[in-house]
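Visitor: quick one: sequence and predicted model below, then my questions.
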Amino acid sequence: GDGVIGRTQPGFGVLGAVGVDDRVAVEPSAASSGTGSDAMLLGRRVSKLFEGYGWFGGTVIDIDHSTTDSDTGVPHPYRVRYDDDQIDDFTSEELLEVLLPESPSLPSVAVSDANAAGGLGSSMDMP
């Protein structure tokens with residue numbers, strides 16, 4: 001009973017931290033006009049909703065500005081491999097819609113939580 005409620009409270013702290021990450025997610029779009037931002041997008045995680053199938057996660061595996069849509073000729077430079085090995089090419093706008101917050105900003109929060117938990121854990125293990 002009470003233990004479960006206590007365990008959910010750190011989750012609220014994490015949700016609060018996600019709000020901070022929203023600012024981080026804005027930076028790639030602001031920098032997307034520069035070529036240097038492409039390197040930062042390689043390896044980034046995405047999550048896309050497919051109607052009737054649900055959410056699928058993937059990773060940006062390649063960036064090739066010569067890739068275009070065969071029907072429209074619109075550039076789709078960002079190649080994503082989904083976790084089920086399907087491949088999809090995105091425009092920069094499409095990619096920004098599915099891009100997840102950058103993970104390097106999370107460990108700083110997670111590490112401080114882990115240190116706090118580790119501190120509590122070690123003091124509990126002593127007696």
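Guide: Everything's here; your move. Residues are numbered from 1 along each chain as shown.
Visitor: where do the strands sit along this protein?
Guide: 45-50, 54-63, 78-82, 87-90 (DSSP state E).
Visitor: of the ones you listed, flag the one that's most buried.
Guide: strand 78-82 (a mean of 20; mean count of other Cβ atoms under 10 Å). (C-beta placed from N, C-alpha, C; glycine too.)
Visitor: what pairs with that one, parallel or antiparallel?
Guide: Its sheet considered, strand 78-82 pairs with strand 54-63 (antiparallel), strand 87-90 (antiparallel) by DSSP bridges.
Visitor: if we can go back for a sec, could I get the strands of the chain as CSV with distance to Ser37?
Guide: Shown next, in CSV, are the strands of the chain (distance: least, Cβ to Cβ, whole Å):
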stretch, distance to Ser37
strand 45-50, 16
strand 54-63, 10
strand 78-82, 11
strand 87-90, 14
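Visitor: now distance to Gly43 too, for the strands paired with strand 78-82, in TSV please.
Guide: Output for those, formatted as TSV (distance: least, Cβ to Cβ, whole Å):
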stretch	distance to Gly43
strand 54-63	6
strand 87-90	15
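Visitor: what's the closest of those strands to Ser70?
Guide: Minimum separation from Ser70 across the strands paired with strand 78-82 (Cβ to Cβ) falls at strand 87-90, 10.2 Å.
Visitor: hmm, back to that, dump the strands paired with strand 78-82 into TSV; add mean pLDDT as well.
Guide: What follows is the strands paired with strand 78-82, written out as TSV (pLDDT from 0 to 100):
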stretch	mean pLDDT
strand 54-63	96
strand 87-90	96
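Visitor: give me the low-pLDDT residue ranges for this protein?
Guide: For the chain, the stretches with pLDDT under 70 are 1-36, 103-127.
Visitor: just to revisit the earlier point, closest one to Pro101 among the strands of the chain?
Guide: strand 45-50 (9.0 Å).
Visitor: helices and strands around the closest one, which ones?
Guide: strand 54-63, helix 92-98 (3 or more Cβ pairs under 8 Å, 6 or more residues apart in numbering; DSSP states H and E).
Visitor: cutoff 10 Å now
Guide: strand 54-63, strand 78-82, strand 87-90, helix 92-98 (3 or more Cβ pairs under 10 Å, 6 or more residues apart in numbering; DSSP states H and E).
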